[in-house]
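# sequence and predicted structure below; questions after.
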Amino acid sequence: MKRVAAIDFLRALAIIGMVISGQMIWHAELPAWMFHGQLPPPTFAFNPAVPGITWVDLVFPFFLFSMGAAMPLALRRREQKGAGWMQIALSALHRFLWLASFAIILGNTRMGRLTELAPWAAALMTLLVWGLFFAMFVRIPGWEAKRNSMLNWAGFVALIALTMLYKPLFGIEVSLHQSDIIILILASMALFGTLGWWFTRNSLVMRIVLICGVALLKLSSSVEGSWCAWLWQQTPAEWLFRFEFMKYLCLVLSGTIAGDVIGQALKSGEIAEKKEGDSWSGPLTIALALLMCALIITQLWGLFVRQVGQTVLLSALLGCGSYLLLGRLNTAEKPLLKRLLSIGMVLLILGLLAEPLEGGIKKDHATISYFFVTGGMATFVLIAALALELRFGIRFKALEACGANPMFAYTASSYLITPIAVLTTLSSAIEWFAGLGPWYAFGRGVIFALLVIAVTWPMTRKNYYWKS
């Protein structure tokens, strides 16, 4: 099956959102919706009692949902080639260990830890680490699999050796508990999401039951003294996996449902290069994309300002309007968009029904409503992107490159662009710009995001993908 640009676009939004939120300066004069809902200005002190979500809180769930959406496309292809459950399980385990190792190395080798070195030396060391990441993950076009695998393993071994030298060379403690939590969670989701999809791949009902089971277990874990609370805290090794990570399966497995729908459309020919439609198909497609954007903005606005009742009402009106509009659409992609809209609205309704639980929707500590509301919003992004691509051929190729090559894009900001900026004194100009005012502080994140796109796009176009 070919790549689905809409899934790459959704994943790219997550990557770019991570870069912007991570590289922008937290200026106290910026509005609260520019930061995580539970880290409001001016103090940015973590307050888990504050309900609401912001655009920053969409970054991680969008990535998880896109991961789930991509799973059926890749795994069906492997199944068609004869892969059985043992091969799938071993491959998923390998990916888990590979990504978990990546998370630990990231946590121990980031440039910010090299404070005892001169800036130029810290920059060079960070570039060396990035070069080894390149060797660990890259797939060189035209290379045979065995030769490429040897390069990957050489990069992996060299990274472990270099990380272990941080203590004797720089006096920096290296610990298994020092890791990149985002990648560590993704490692668990790559394993358990794959297994969850595989064992329910022929039964949507069983997958829904599994999602509901995880959601109920998450809710029950808050009951002190219960077996669910005990299970939630279990871990074979805290630095590697915690059972509470399983809550993110609500997003990943919901994403696999959307992925299966898209995969079926690809197989049946509903997704094709050119489509026929009546004279109204263009305006109606634009209107559909706008309604999807309106649904997303409604959640961000209403749940942040705590106008939950109005949010529910507006969402119902926009959802009904979207169904009525799709009923008028006379195009081949209509069944696909309708199925995706049903998935998105079901997820959103579940999230809004659960919104009063756990003190209102929150990213930290994540609530059940957070998983389902953001899953619905991610589906609306897929609908808008697919509708515009299939009707008008509209693509965001430079941005999609970051979604097609996410590991490269994820490391580019901190391990490639930042050290180069230090070595070329570009960093001084960026810091001067960021100091001009509150929105310039946000602009710093935008600059880094544009630079990430600028380095990822040409590498992706030349097929230098990083694969785990």
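Sure thing, it's come through.

# any stretches of this structure with poor pLDDT?
Across the chain, the ranges flagged by pLDDT under 70 are 1-2, 272-279.

# show me where it has strands.
For the chain, the strands defined by DSSP state E occupy 138-139, 465-466.

# turn those into JSON lines, including mean neighbour count.
All C-beta spots, glycine's among them, are computed from the backbone N, C-alpha and C. Below are these laid out as JSON lines (neighbours: other Cβ atoms under 10 Å):
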{"stretch": "strand 138-139", "mean neighbour count": "18"}
{"stretch": "strand 465-466", "mean neighbour count": "19"}
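
# dump those strands into JSON lines; add distance to L97 as well.
Shown next, in JSON lines, are the strands of the chain (distance: least, Cβ to Cβ, whole Å):
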{"stretch": "strand 138-139", "distance to L97": "19"}
{"stretch": "strand 465-466", "distance to L97": "17"}
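
# for S268, find the nearest of these.
Closest approach to S268 among the strands of the chain (Cβ to Cβ): strand 465-466, 27.8 Å.

# who's in contact with that closest one?
Strand 465-466 has contacts (Cβ atoms under 8 Å, 6 or more residues apart in numbering) with F133, F134, F137, V138, R139, A404, N405, P406, M407, F408.

# just those residues now: which is nearest F46?
The closest of the contacts of strand 465-466, once distances to F46 are taken by Cβ to Cβ, is P406, at 27.3 Å.

# just to revisit the earlier point, nearest to L210, out of the strands of the chain?
strand 465-466 (30.1 Å).

# that closest one: how far from the chain's middle?
Strand 465-466 sits 17 Å away from the centroid of its parent chain (Cα atoms, centre = their mean, to the nearest Å).

# strands paired with that strand, and their directions?
Strands that pair with strand 465-466, judged by DSSP bridges, come out as strand 138-139 (antiparallel).

# show me what the strand it pairs with is in contact with.
Identification of contacts with strand 138-139 by Cβ under 8 Å, 6+ apart yields N148, L151, N152, N463, Y464, Y465, W466, K467.

# closest one of those residues to I160?
Ranked by distance to I160 (Cβ to Cβ), the contacts of strand 138-139 are led by N152 at 13.0 Å.

# my read: E389 touches D8, true?
No. Using Cβ atoms under 8 Å, E389 makes no contact with D8, being 10.8 Å away.

# out of the strands of the chain, which gets nearest to L73?
strand 465-466 (15.3 Å).

# in the protein, which residue is most central in space?
By Cα atoms, centre = their mean, the chain has its centre lying nearest to F63, at 1.2 Å.

# contacts only, for that one.
Contacts of F63 (Cβ under 8 Å, 6+ apart): R11, A14, I15, M18, L186, P406.

# picking that back up, can you lay out the contacts of strand 465-466 as JSON lines showing distance to F442?
JSON lines is the format used below for the contacts of strand 465-466 (distance: Cβ to Cβ, whole Å):
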{"residue": "F133", "distance to F442": "28"}
{"residue": "F134", "distance to F442": "30"}
{"residue": "F137", "distance to F442": "31"}
{"residue": "V138", "distance to F442": "33"}
{"residue": "R139", "distance to F442": "35"}
{"residue": "A404", "distance to F442": "27"}
{"residue": "N405", "distance to F442": "25"}
{"residue": "P406", "distance to F442": "23"}
{"residue": "M407", "distance to F442": "26"}
{"residue": "F408", "distance to F442": "25"}
